[in-house]
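Peer 1: return a 3D structure for these sequence lines:
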Amino acid sequence: MARIRFFPADQEIEITTGTTILEAARTAGLVIESPCNGNGTCGKCKVKLSSGTREHVRGGELTLEEPDAVLACLAKVYSDVEVELAAGHDSHNIQILTHGHSWRHIEREPLIRKNFDEQADLTRIYAGAVLLGTEIGNTIEQNYGVALDIGTTTLVLSILDLNTGREDASVSALNPQSRHAQDVLSRIKFASDEEGLHFMYDLLIEAINKLLHEAVDKAGIHTGAIYEIVFSGNTCMLHLATKVNPRPLGMYPYTPQIQGGNVLNAADHHLDIASFGLIYLPPIFSAYVGADITSGILAAELWKLAGITLFIDIGTNGEMVLAVDGKMVTCSTAAGPAFEGMNIACGMRAAPGAVEKFEIADGECMVKTIGNLEAVGICGSGLLDIVGELVAHKFIGQNGKFIDPLQAEDSGLAGRCSKQEGKVIFKVTDTVYLSQKDVRQVQLAKGAIRAGIEAMLAHQGILAAAVGRVFIAGSFGYHLNVNSLINIGLLPEAFRDKTEFLGNTSKTGGQIFLLNKQAREVMETLVKEVEVLELATTANFDKTFVRCLNF
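Peer 2: Numbers count the residues shown, from 1 in each chain. Model (predicted):
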């Protein structure tokens, strides 16, 4: 046996010798990011060993420059050690956007309604015309529903008073599945067998119930007064949330096993709401365009807008909808986890100390961190700002390469360069830097989204200049700078003065589904009329993608 003490958590645990630091941390209830699920490929589980204890640990070595740093997923402990967790390992203070825009004045007509029978002294609860259950006494005033945005990275839960339409509480958390598989493709692979599916499902249900209890405490109600919960998320997330194997989503012809537009019994999925409560799954478009986009279309009322509108949800996936006088085509691209700070040398989630904004003005670099704390890493919005500014100031070339610092027009920027393992890095602060590999990750992510935009415009025979408005949705998208998006080429120059950030429309669309049952009928019909553009089979898409890699 051996003992591990974790700092700064100041928590100690006894383990069997040969246990990895990652396994020990999870047993202790501590969070160490490992989005590659312990394969030793993502590098996000780096921890530091106390001085003089390196010989007690085998494996997980990193570089000679960091002799006491190891990867927690590969480092096995054989004697007592002390482990220092990185500042970025913080799932409790992650900055998560919980609000979103909705064009609608919502006419309140929820599916769930109550009727009090004075003579029998009981309240009947209905879903439409269907009697769900009864309660003793008059409980008409206690009538609540939940809209849940199940993101690949985050969860946002909102409690609504179905009698008034008022939001009584909103809470959020990291999606715990992201610690084990960071994007949709890796999530599908992980859950393709029964053991992995059960693991992912149980993680998610536990997290949802924890949020439910946090929210009802905040709202001052009880869980038994919640009668319906709307699951708004991408197609893979809905599979995992309902314990349906997502394996077909990763295999041609990529056929979802669920289509949405239906209700399930919440009790069958162990959700802590009324015993006869329901889960509503909004309709989905395809394997990679899911209910979060259905909710977004509903929140923005795209089918009602005249002219040409482009709706983009930016995250680990890049889903988008092009609406021409209400007629829509949609597609999805695999942007990857770079926008979430993953696969980036100093990348981290949007937690305190993360660089979230960066600007170069008059030769000076201005850095803003979340919480105005000392910089410990870079989150997605900061990453795009940094790359965008370096591109705009010609320190990164069109091909994505750092220029020779000696040839830099700005000597101040050149002074921030140094070499690490023989390669140029740009120092954002004394301890936080951007590497050439990081720039490549940004290129791949932004290239995927820009290629999707170009493919949809070409499919419809539309020039970028003809687009009248651009909506950016999603928690990540809300924190972005339009100039950075254009500087790196994620958006064309023609979109500069046409872009509006809508926030978390997956949540606000879910709220509309809760408050207006007619919205369900409208979207269930509309989804069947929207064309889904499969980029993998689109002519010359590979060439478009390569072209879109350039800044």
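
Peer 1: didn't residue 11 look like it was pressed against residue 5?
Peer 2: Yes: checked against C-beta atoms under 8 Å, the pair residue 11 and residue 5 is within contact range at 7.2 Å. Where you see a C-beta, it was placed from the backbone N, CA and C, and this is true even at glycine.

Peer 1: what count of nearby residues applies to the residue lying closest to residue 520 once chain neighbours are set aside?
Peer 2: Nearest residue to residue 520, sequence neighbours excluded (C-beta to C-beta, 6 or more residues apart in numbering): residue 513, at 5.9 Å. Other residues lying near residue 513 total 26 when counted by other C-beta atoms under 10 Å.

Peer 1: residue contacts, residue 513?
Peer 2: Counting by C-beta atoms under 8 Å, 6 or more residues apart in numbering, residue 513 touches 147, 230, 232, 280, 282, 295, 298, 519, 520, 523.

Peer 1: run the last query once more with 7 Å
Peer 2: Residue 513 makes contacts with 230, 280, 282, 519, 520, as judged by C-beta atoms under 7 Å, 6 or more residues apart in numbering.

Peer 1: list just the nearest of the residues you listed to residue 535.
Peer 2: For the contacts of residue 513, the closest approach to residue 535 (C-beta to C-beta) belongs to residue 282, at 23.0 Å.

Peer 1: hang on, the closest one packs against residue 291?
Peer 2: Yes: taking C-beta atoms under 7 Å as the definition, residue 282 is a contact partner of residue 291 at 3.9 Å.

Peer 1: looking at these two, which one has more neighbours?
Peer 2: Each of residue 282 and residue 291 has its neighbours counted (other C-beta under 10 Å); residue 291 has more, 32 against 29.

Peer 1: what pLDDT does the more buried one get?
Peer 2: With respect to pLDDT, residue 291 has a value of 97.

Peer 1: and it, how far is that from residue 310?
Peer 2: Taken as C-beta to C-beta, to the nearest Å, the spacing of residue 291 relative to residue 310 amounts to 20 Å.

Peer 1: residue 548 now?
Peer 2: Relative to residue 310, residue 548 is positioned 15 Å away (C-beta to C-beta).

Peer 1: neighbour count winner among those two?
Peer 2: When residue 548 and residue 310 are compared for neighbours, residue 310 comes out ahead with 24 against 20, by other C-beta under 10 Å.

Peer 1: find the nearest non-adjacent residue to the more buried one, please.
Peer 2: According to C-beta to C-beta, 6+ apart, the nearest residue to residue 310 is residue 470 (4.8 Å).

Peer 1: for the lowest-mean-pLDDT helix or strand in the chain, C-alpha coordinates in PDB please.
Peer 2: Comparing helices and strands within the chain by mean pLDDT, DSSP states H and E singles out helix 411-414 as the least confident, with a mean of 76. These are the backbone C-alpha positions of helix 411-414, laid out as PDB (Å, rounded to 0.1, in the frame of the first residue of the first chain):
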ATOM      1  CA  SER A 411      10.200  44.300 -32.300                       C
ATOM      2  CA  GLY A 412       8.000  44.000 -29.200                       C
ATOM      3  CA  LEU A 413       6.400  40.900 -30.500                       C
ATOM      4  CA  ALA A 414       9.800  39.400 -31.500                       C
END
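
Peer 1: check which helices and strands the next helix or strand after it sits against.
Peer 2: Towards the C-terminus, the helix or strand next in line after helix 411-414, according to DSSP states H and E, is strand 417-420. If you count contacts as 3 or more C-beta pairs under 7 Å, 6 or more residues apart in numbering; DSSP states H and E, strand 417-420 packs onto strand 423-427.

Peer 1: who does the next helix or strand after the strand it packs on pair up with?
Peer 2: Counting by DSSP H and E, the element after strand 423-427 in chain order, helix or strand, is strand 433-435. Paired neighbours of strand 433-435 in the sheet (DSSP bridges): strand 423-427 (antiparallel).

Peer 1: flag every buried residue along the strand it pairs with.
Peer 2: By neighbour count on 16 or more other C-beta atoms under 10 Å, the buried set for strand 423-427 is 424, 425, 426.

Peer 1: now the contacts of residue 513 in TSV, with secondary structure, pLDDT and distance to residue 479?
Peer 2: Written out in TSV, the entries for the contacts of residue 513 read as follows (DSSP: H, G, I helix; E, B strand; the rest coil; pLDDT from 0 to 100; distance: C-beta to C-beta, whole Å):
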residue	secondary structure	pLDDT	distance to residue 479
230	strand	98	25
280	strand	98	29
282	coil	98	25
519	helix	96	28
520	helix	97	31
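
Peer 1: let me know the secondary structure of the residue nearest to residue 520.
Peer 2: Secondary structure state of residue 513, per DSSP: H, G, I helix; E, B strand; the rest coil, is helix.

Peer 1: measure it to residue 109 for me?
Peer 2: When C-beta to C-beta is the yardstick, residue 513 and residue 109 sit 12 Å from each other.

Peer 1: residues in contact with residue 515?
Peer 2: For residue 515, the residues meeting the contact criterion (C-beta under 7 Å, 6+ apart) are 106, 108, 110, 160, 165.

Peer 1: how about the closest residue to residue 468 other than its chain neighbours, phi and psi?
Peer 2: Nearest in space to residue 468, with sequence neighbours left out and distances taken as C-beta to C-beta, 6+ apart, is residue 307 at 4.1 Å. Summarising the backbone geometry of residue 307 under the convention degrees, to the nearest 10, its torsions are phi 80, psi -160.

Peer 1: and the residue nearest to the spatial centre of the chain, what does it touch?
Peer 2: The centre of the chain sits closest to residue 153, judged by C-alpha atoms, centre = their mean, with a distance of 3.5 Å. By C-beta under 7 Å, 6+ apart, residue 153 lies in contact with 174, 175, 178, 316, 340.

Peer 1: could you do residue 117 as well?
Peer 2: Residue 117 makes contact with residue 124 under the criterion C-beta under 7 Å, 6+ apart.

Peer 1: how near is it to residue 369?
Peer 2: Counting by C-beta to C-beta, the gap from residue 117 to residue 369 is 58 Å.

Peer 1: packing partners of the helix or strand hosting residue 523?
Peer 2: Here residue 523, judged by DSSP H and E, is contained in helix 517-526. On a contact count with 3+ C-beta pairs under 7 Å, 6+ apart, helix 517-526 meets helix 291-300, helix 505-515.

Peer 1: mind checking how far the first one is from the chain centre?
Peer 2: This points to helix 291-300. 16 Å (C-alpha atoms, centre = their mean, to the nearest Å).

Peer 1: residues in contact with it: which ones?
Peer 2: When contacts are taken as C-beta under 7 Å, 6+ apart, the neighbours of helix 291-300 outside the stretch itself are 100-103, 149, 231-234, 238, 260, 281-285, 311, 313, 319, 321, 330, 471, 473, 502, 505-506, 508-510, 512, 519, 523, 527.

Peer 1: circling back to that earlier point, just checking: what are the partner strands of the helix or strand following the helix holding residue 523?
Peer 2: Where DSSP H and E defines the elements, the next helix or strand beyond helix 517-526 is strand 531-532. Its sheet considered, strand 531-532 pairs with strand 327-333 (parallel) by DSSP bridges.

Peer 1: ok and the partner strand relative to helix 291-300, angle-wise?
Peer 2: Computed with axes from the mean of the first three to the mean of the last three C-alpha atoms, to 10 degrees, the direction of strand 327-333 lies at 140 degrees from that of helix 291-300.

Peer 1: report the buried residues of strand 327-333.
Peer 2: By neighbour count, and taking 16+ other C-beta under 10 Å as the criterion, the buried residues in strand 327-333 are 328, 329, 330, 331, 332, 333.

Peer 1: stretch 273-281 too?
Peer 2: Buried positions in stretch 273-281, judged by neighbour count with 16+ other C-beta under 10 Å: 273, 274, 277, 278, 279, 280, 281.
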